[in-house]
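Peer 1: Could you look at this predicted model? Sequence included:
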Amino acid sequence: MKVEVQWKKVVKPSVPTPHHRQILKLSSIDELQVPNYVGIISYYRDKAENSGVDIPERLHRMEESLSETLTIFYPMAGRYIEDGGCFIDCNDHGVEFVDAKVDAQIDEIVHGEPDLDLLDRLSKFPTEVVGVNVLECGGLVIGLRISHKIGDMYTMAMFMNSWATACQGNMHEIVRPSFELSSIFTLKESSRGTWPEPCIRDEKFFMHRFRFDGKAISKLKSLATADMTDSPANRLQPSRVEVVSALIARALVNIDRSKHGKLRSFVVCMTMNLREKIGLTVPANSCGNLYTVIAVQLRRAIADDSNLVFKEAVSTISEMVRNSRARYARLVEGEELSTMVKDSTMDFMKLVFTSEENLIPFSSWCRFGLHKNDFGWGRPALVGPAAANFRSIFLIDDEDKGGIDAWVTLKEDEMILFKQDPEIQAFTSQSEIDVA
């Protein structure tokens, strides 16, 4: 798949950011983030009703509306400054807007085996970037990338939705974001994290998309709750994310046992959006970082030191989520919440970089409305993360109500066995992405 950049330009806010907003202090949770970038890619078909709108006009409307959107999402056009106090310099530096031509059809990407690494190169720049890739068929692939210091996936989803709304000429419908988290979670010297030195390995990873449709998820929920004893905990239905995560974890643990001839210790980690889950009052539509990482060991879910049992895996993961929600719901002080998030984040980073524990990391982007982003030419046919060169599982709502796309990245030998797992085959359809 050949990608040719047609042009690049820096898009700045349509209205200059007022002087009193040009310095945005980081919150204590922002400062905990590793200074990497979060990327998302949306794939749009060229529908018959769009025939009257040519590509140059679409790109012009997207560029103009991006400029308008940056006026209210002004930190997105800024730069993270570490020296002198850790803040976002909101002096309207702008976002790089890249237009590229791709010699591919949209169905090759949505249903085939695309090389997403080529598309992902469009977002590998040192600053925030928007890449709009025009396909031969007239479809569009929109890549968006921001620094994790500026915000989490909720923030990115809100920005993308606002941009799409502005592109349709409906700026008045956009709900204004709030950037006040630093006044609640004040950054102190003790809040800063010191990251362990990562262990860098020269390994090749592969990403696959596994689609769990609504019927498959309903069946998984039934299997998870069959023959359960009548207790308050068991009366709670597991969520879509919990049953899909449990099935994926079960497959990875059992594959690892077959590979190594013994049962090794595993930890499931999962991101949890804290908005509307904490006792502390925060502004509506708060942008920035307001999430944590929760974790649990899977030892209890192992039957007789043999295989991971699906029902027990669901129970273990569901209990982790319930207990975490209950702990965070009790918090009413910003400093107390910051400390808890810091401790959880540091424990997670130690697991990633230094621990002998085997990690199964999930990031749920469900319920963020990523499939609702209509720029005026229809909703996306597919939404996924940028290619990752490390083990990861991203869970995203599919375009059909009730389903989940699991974007799984594993080493080649693990991926071969994972694809062959009987229960993964029974409950999913699959698409492959080669990640160099």
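Peer 2: Done, it's in.
Peer 1: Are we agreed that Pro383 is in a helix?
Peer 2: In this structure residue 383 is Val, not Pro. No. Val383: not assigned to a helix; according to DSSP: H, G, I helix; E, B strand; the rest coil it is strand.
Peer 1: Below-threshold pLDDT in the stretch 301-436 of the chain: ranges please.
Peer 2: Low-confidence segments of the stretch 301-436 of the chain, defined by pLDDT under 70: 301-307, 353-357, 430-436.
Peer 1: Helices along that one, start to end?
Peer 2: 310-329, 334-353, 412-420, 422-427 (DSSP state H, counting those that start in this stretch).
Peer 1: Also the stretch 101-250 of the chain?
Peer 2: Using DSSP H, counting those that start in this stretch, helices in the stretch 101-250 of the chain cover 106-110, 116-120, 153-167, 181-184, 214-225, 240-260.
Peer 1: If you average pLDDT over each of those, which is lowest?
Peer 2: Mean pLDDT is lowest for helix 116-120 among the helices of the stretch 101-250 of the chain, at a mean of 55.
Peer 1: one step back: quick one, which of the helices of the stretch 101-250 of the chain gets closest to Ala381.
Peer 2: helix 106-110 (5.2 Å; CB to CB). Where C-beta positions appear, they are placed from N, C-alpha and C, glycine not excepted.
Peer 1: With only the CA atoms kept, save the closest one in PDB.
Peer 2: The C-alpha trace of helix 106-110 is given here as PDB (Å, rounded to 0.1, in the frame of the first residue of the first chain):
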ATOM      1  CA  ILE A 106     -11.700   1.100   1.700                       C
ATOM      2  CA  ASP A 107     -12.800  -2.500   1.600                       C
ATOM      3  CA  GLU A 108      -9.200  -3.600   1.600                       C
ATOM      4  CA  ILE A 109      -8.800  -1.900   4.900                       C
ATOM      5  CA  VAL A 110     -12.200  -2.700   6.500                       C
END
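Peer 1: Can you give the contact residues for it?
Peer 2: With contact meaning CB atoms under 8 Å, 6 or more residues apart in numbering, helix 106-110 is reached by 1, 43-46, 114, 135, 137, 139, 141, 381-382.
Peer 1: Give me the lowest-pLDDT entry from those residues.
Peer 2: In this model, the minimum pLDDT among the contacts of helix 106-110 belongs to Pro114 (43).
Peer 1: still on that earlier bit, please identify which of the helices of the stretch 301-436 of the chain is closest to Pro283.
Peer 2: Going by CB to CB, the one of those nearest Pro283 is helix 334-353, 12.7 Å.
Peer 1: just so I have it, where are all the strands in the stretch 51-200 of the chain?
Peer 2: All strands of the stretch 51-200 of the chain, identified by DSSP state E, counting those that start in this stretch, fall at 79-81, 87-89, 95-102, 129-135, 140-147.
Peer 1: Now the weakest link among those strands, please, by mean pLDDT.
Peer 2: strand 129-135 (a mean of 78).
Peer 1: ok, back up a step: want to throw the helices of the stretch 101-250 of the chain into JSON lines with mean neighbour count and distance to Gln33?
Peer 2: Formatted as JSON lines, the helices of the stretch 101-250 of the chain follow (neighbours: other CB atoms under 10 Å; distance: least, CB to CB, whole Å):
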{"stretch": "helix 106-110", "mean neighbour count": "19", "distance to Gln33": "30"}
{"stretch": "helix 116-120", "mean neighbour count": "21", "distance to Gln33": "20"}
{"stretch": "helix 153-167", "mean neighbour count": "23", "distance to Gln33": "11"}
{"stretch": "helix 181-184", "mean neighbour count": "18", "distance to Gln33": "12"}
{"stretch": "helix 214-225", "mean neighbour count": "16", "distance to Gln33": "31"}
{"stretch": "helix 240-260", "mean neighbour count": "22", "distance to Gln33": "22"}
